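In: Just a sequence and a predicted model for now, questions to come.
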Amino acid sequence: MTKIVTCIAPVNIAVIKYWGKQDEELIIPLNDSLSGTISTEFMCAKTTIMVSPLLTENKFWLNGKEQSFDNKRLNNCIQEVRRRANPELPQLNWKISICSENNFPTAAGLASSAAGYACLVSAFAALYEIKGDISSIARRGSGSACRSIYGGWVRWCKGVKNDGSDSIAKQIAAASHWLEMRVLILVVNDTRKKYSSTDGMQRGVKTSELLKYRSQTIVPRRIEAMVKAINEKDFHTFARLTMEDSNQFHAICLDTYPPCVYMNDTSHGIAELVHLYNEYKASNKVAYTFDAGPNACLYLLESEVEEFLAVINEAFPPRENQVDYLRGIPVTNRCIPEKMRLSLNIKRHEEGMLKYIIHTKIGDGPQLSHRPEDHLLDEAGLPKR
């Protein structure tokens, strides 16, 4: 009678940000947002859920530590999944064991909650045989999780209905649409951030006039321009819009009272380096975006990866003999051309300012597995490790 399923779900990196809710309970955003779904090959959340009449209580483990099951957002997702399920399913009344883990830092501004809740809801939907769009359910756990339900390029439409039923994610282009696109994640700090996204948003909605103007006036036209740039694979425009939106997001965080400061000196140094490189190239070849944390997410085309990584290593050298510094898709090491070195006049920072770099690409949405070797739970509903 026991049913068990495992899901792997992706992170998404927003190019037009979600920041601020018009409804805290339903998690309905102030404005539309848009992101790229990152390949699960190197960054993902993995969740196993078991439901069984043999289980005596609900249990939840995250990254090896048992968590309270009395979590409002978790239970909102479970209730919504059960509401949409066939009421005659016997598993609706069984106890639940959940084990989830991320293979990247949690609560460090790298969209761990988006991957986690997209994973959780996709697994529950499989267990309870839910059909149709489930992005509105994932949204109830973590707003941006709705975008991780789909691969490629995804738009979260804020919707207009008070019940949030039309606040859903829609894919605007598949991962295969822009195969040349690459992503570099520069991990500056992998510890828990000082201000949670939830607290920062609530404070911003209450105190930032800039946030109101952005959501009502700027984002509607910017997001349409971004959709056009992605559909036409216009990287120069895509990069400009991405960086402008990231800068404006952090300006809002500073306009919040008291301010929420997420970027640090290393973050600003990375942004400066990107602008120097783009000016040298006389075109936008790299785009930075920073979520609610100091870590940089860089979008660039495959043709620029080797050269720009050389520029990064010149400006932010790794510690000597550091193992596993560059992770993900392999890259051939190369040196900066002398002409570029002289022209950029790169400021060299201390060794080890970047903890590590992940080289990845745009990928697909959540994937399910019923293979026993993939499950994080054993037959008794306990973590295997």
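Out: Sure thing, it's come through.

In: Run through the protein and note the low-pLDDT ranges.
Out: In the predicted model, the chain carries pLDDT under 70 at residues 105-111.

In: Could you identify the longest helix within it?
Out: For the chain, the longest helix by residue count, based on DSSP state H, is helix 235-255.

In: which of the residues in that one are buried?
Out: 235, 238-243, 245-246, 248-250, 252-253, 255 (16 or more other CB atoms under 10 Å). Just so you know, the C-beta spots here come from the backbone N, C-alpha and C atoms, and that holds for glycine as well.

In: Also stretch 190-209?
Out: Within stretch 190-209, the residues scored as buried using 16+ other CB under 10 Å are Asp190, Lys193, Tyr195, Ser197, Thr198, Gly200, Met201, Arg203, Gly204, Val205, Ser208.

In: For Glu379, see how far away the first one is.
Out: So that's Asp190. Shown here: Asp190 relative to Glu379, a distance of 34 Å by CB to CB, to the nearest Å.

In: Okay, helices next: where are they in this protein?
Out: Under DSSP H, the chain gives helices at 72-84, 112-127, 135-141, 197-207, 209-213, 219-231, 235-255, 265-281, 305-315, 338-344.

In: want to try a markdown table for those, with distance to His177 as columns?
Out: Converted to a markdown table, those look like this (distance: least, CB to CB, whole Å):
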| stretch | distance to His177 |
| --- | --- |
| helix 72-84 | 30 |
| helix 112-127 | 20 |
| helix 135-141 | 19 |
| helix 197-207 | 29 |
| helix 209-213 | 31 |
| helix 219-231 | 8 |
| helix 235-255 | 12 |
| helix 265-281 | 23 |
| helix 305-315 | 19 |
| helix 338-344 | 31 |
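
In: Gln171: which of those is closest?
Out: For these, distance to Gln171 was read as CB to CB. The smallest value, 9.9 Å, belongs to helix 135-141.

In: which parts of that closest one are buried?
Out: Across helix 135-141, burial judged by 16+ other CB under 10 Å covers Ser135, Ser136, Ile137, Ala138, Arg139, Arg140, Gly141.

In: Going by contacts, tell me the helices and strands next to that helix.
Out: Counting contacts by 3 or more CB pairs under 8 Å, 6 or more residues apart in numbering; DSSP states H and E, helix 135-141 packs against helix 72-84, helix 112-127, strand 168-173.

In: closest one to Glu304 among these?
Out: Glu304 sits nearest to strand 168-173 of all the helices and strands packed on helix 135-141, at 20.4 Å, using CB to CB.

In: Can I get that closest one in CSV, CA atoms only?
Out: Taking Å, rounded to 0.1, in the frame of the first residue of the first chain, the C-alpha atoms of strand 168-173 are listed here in CSV:
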residue,chain,number,x,y,z
ILE,A,168,0.5,31.2,-12.4
ALA,A,169,3.7,30.5,-14.3
LYS,A,170,3.9,30.1,-18.1
GLN,A,171,6.9,29.0,-20.2
ILE,A,172,7.7,31.6,-22.9
ALA,A,173,10.6,29.6,-24.5
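
In: Which neighbouring elements make contact with it?
Out: helix 135-141, strand 153-157, helix 219-231.

In: List the buried residues for that strand?
Out: Neighbour counts over strand 168-173 (16+ other CB under 10 Å) mark Ile168, Ala169, Gln171, Ile172, Ala173 as buried.

In: Apart from its neighbours in sequence, what residue is nearest the last one?
Out: In this case it means Ala173. Sequence neighbours aside, Trp153 is the residue nearest to Ala173 in space, at 4.3 Å (criterion: CB to CB, 6 or more residues apart in numbering).

In: ok, Leu301 to Phe235 distance?
Out: Applying CB to CB, the value for Leu301 to Phe235 is 6 Å.

In: okay, and the common contacts of these two?
Out: Each of Lys285 lies in contact with both Leu301 and Phe235 under the rule CB atoms under 8 Å, 6 or more residues apart in numbering.

In: What's opposite Phe290 in the beta bridge?
Out: With DSSP bridges applied, Phe290 shows beta-bridge pairing to Ala296.

In: Also Ile358?
Out: Beta-bridge partners for Ile358, by DSSP bridges, are Ile185, Arg327.

In: I figured it hits Arg327, correct?
Out: Yes. Look at Ile358 against Arg327 with CB atoms under 8 Å: they come within range, at 4.9 Å.

In: Comparing these two, which residue is more hemmed in?
Out: Ile358 (20 against 16; other CB atoms under 10 Å).

In: what sits against the more buried one?
Out: Going by CB under 8 Å, 6+ apart, the list of residues near Ile358 reads Phe42, Met43, Phe104, Val183, Leu184, Ile185, Val187, Arg327, Gly328.
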